[in-house]
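> Here is my input, please return the structure:
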Amino acid sequence: MRLTILGGGGFRVPLVYGALLRDRAEGRVTAVVLHDVDAGRLSAVRRVLAEQAAGVPDAPEVTATTDLDEALRGADFVFSAIRVGGLQGRADDERIALAEGVLGQETVGAGGIAYGLRTVPVAVDIARRVARLAPNAWVINFTNPAGLVTEAMSRYLGDRVIGICDSPVGLGRRIARVLGVDPDRAWIDYAGLNHLGWVRGLRVDGRDELPRLLADPGLLASFEEGRLFGAEWLRSLGAVPNEYLHYYYFGRETVRAHQEAEHTRGAFLRDQQARFYEELREPDADALAVWDRTRAEREATYMAENRDSAGAGERDAEDLTGGGYENVALALMRAVARDERTTLILNVRNRSTLAVLDADAVVEVPCLVDANGAHPVAVDPLPGHAAGLVCAVKAVEREVLAAAESGSRATAVKAFALHPLVDSVGVARRLVDGYTAVHPGLAYLK
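Residues are numbered from 1 along each chain as shown. Next comes the predicted model:
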């Protein structure tokens, strides 16, 4: 089986390859094609993968190319993890938004809209090429903003594009851990959009264990989301939100923390990864060791500003493991390629799952996965506060898609202005001016 990884020079590609190395079952991936627009990054990542594969019998063969069409031909699966504009683009997104007093995070608020506006046209071009060159391939999308990009690609690929994210899986596993429950036996009642969802229940043998968690301050204080949101707020919600909802529920505090930070997250990662790729220019460098060290620093500092604003302290060792997006991707590929039926929380077209949204809206919900793809399961209706937020953000996503299709600057302004975390049409206009001034990928907005 052949897997093509778009964004193949990306820092997290070794996570995916490591998961493939652990898969010894029949029908596994035997060939990996890395594609990237940056040949130097491709070379660095290939060195890390070669050291990972040392001593592993029958390790998947790795090739690399900067030719997109060549990478797509013959693919059984296409894993998309591109970053349009690179980490400099992310740093610019954050800087411009924070100067206006609004959030610049890469998937939430103004930063997410800017990232989406320059990513959607590229993702649409990829989807069209896949439809032409590899019509039987399944596309697994991890490119952010994941829900928005998956919806853009689904207009050309239908249900053959599936979005993944490790946040819901990691959250469910952390809840199960503090409750003393085997996460593989638990049904996680999760619903919403990507980076905008809630765990409403965690059922084992028909019994919902979440009320036990919400009633125990000690248990709530023992994992990241409990400390991040606070016991009182979680009990008020009657649910545990995805960590990204901290940007919505504590907006002023997080914006202030980001403004006061020495470096934004994007600037930190830009500089950190520049050092990583520079180190790997040295022929004698231990590529895998350098990657491991860099990754440990990256994970430990994840959402540091939010934890600081909430007084949540440092991340626990257990929290650093997260959900493992590479494991989600591998489980998805196994289920589809081998008809190994499983349940995963994925980004797929809604059909009739969430009544407040139309059938084509991409949502993040539990899905049954088999050889025919991912099928969203019925879930309880969202409570009013969650439904309102989901509908508002989905409306923004639709305006982003409309702006990307039409090239309309006015529609882009509308997308910014309608977002719950942007509080002024004037701010929206200045954001569009600021972003188009620094991002060549937004030159199409007129």
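> the strands in the stretch 301-446 of the chain, which residues?
342-349, 362-370, 373-376 (DSSP state E, counting those that start in this stretch).
> residue with max distance from the center of this protein?
Distance to the chain centre peaks in the chain at D284, reaching 33.7 Å (criterion: CA atoms, centre = their mean).
> quick one: pLDDT of that one?
Per-residue pLDDT puts D284 at 93.
> so where's the stretch 1-150 of the chain shaky on pLDDT?
Judged by pLDDT under 70, the stretch 1-150 of the chain has no weakly predicted residues.
> Can you pull the phi and psi angles for the residue minimising distance to the centre of the chain?
Closest residue to the average C-alpha location of the chain: C165 at 4.5 Å, with CA atoms, centre = their mean. Backbone dihedrals for C165, given as degrees, to the nearest 10, come out at phi -150, psi 140.
> returning to what we had before: which SS state does the residue farthest from the centre of the chain fall under?
coil (DSSP: H, G, I helix; E, B strand; the rest coil).
> Export stretch 89-104 to PDB, keeping only CA atoms.
In PDB, the C-alpha atoms belonging to stretch 89-104 read as follows (Å, rounded to 0.1, in the frame of the first residue of the first chain):
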ATOM      1  CA  GLY A  89       3.000  33.200   8.000                       C
ATOM      2  CA  ARG A  90       1.700  31.900  11.300                       C
ATOM      3  CA  ALA A  91       3.900  34.400  13.200                       C
ATOM      4  CA  ASP A  92       2.500  37.200  11.000                       C
ATOM      5  CA  ASP A  93      -1.100  36.100  11.600                       C
ATOM      6  CA  GLU A  94      -0.500  36.300  15.400                       C
ATOM      7  CA  ARG A  95       1.300  39.600  15.300                       C
ATOM      8  CA  ILE A  96      -1.300  41.400  13.200                       C
ATOM      9  CA  ALA A  97      -4.200  40.100  15.200                       C
ATOM     10  CA  LEU A  98      -2.700  40.900  18.600                       C
ATOM     11  CA  ALA A  99      -1.900  44.500  17.500                       C
ATOM     12  CA  GLU A 100      -5.700  44.900  17.000                       C
ATOM     13  CA  GLY A 101      -6.400  43.300  20.400                       C
ATOM     14  CA  VAL A 102      -7.900  40.100  19.000                       C
ATOM     15  CA  LEU A 103      -6.700  36.500  18.900                       C
ATOM     16  CA  GLY A 104      -4.200  35.400  16.300                       C
END
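> quick one: contacts for G18?
Residues in contact with G18 (CB atoms under 8 Å, 6 or more residues apart in numbering) are 52, 326. Placement of C-beta: from N, CA and C, glycine included.
> Helix or strand: which one has it?
helix 13-22 (DSSP states H and E).
> Okay, now the sheet partners of the helix or strand just after that helix, with direction.
Sequence order places strand 31-35 as the next helix or strand after helix 13-22, per DSSP H and E. Using DSSP bridges, strand 31-35 pairs in its sheet with strand 2-6 (parallel), strand 61-65 (parallel).
> Among these, which comes closest to L237?
Nearest to L237 among the strands paired with strand 31-35 is strand 2-6; the distance by CB to CB comes to 37.0 Å.
> Next, the angle from the closest one to helix 13-22.
Angle of strand 2-6 versus helix 13-22, following axes from the mean of the first three to the mean of the last three CA atoms, to 10 degrees, is 170 degrees.
> what are the C-alpha coordinates of strand 2-6, in PDB please?
Provided in PDB are the C-alpha atoms of strand 2-6 (Å, rounded to 0.1, in the frame of the first residue of the first chain):
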ATOM      1  CA  ARG A   2       1.300   3.400  -1.000                       C
ATOM      2  CA  LEU A   3       1.000   6.500   1.200                       C
ATOM      3  CA  THR A   4       1.700  10.000   0.000                       C
ATOM      4  CA  ILE A   5       2.500  12.700   2.600                       C
ATOM      5  CA  LEU A   6       1.900  16.300   1.500                       C
END
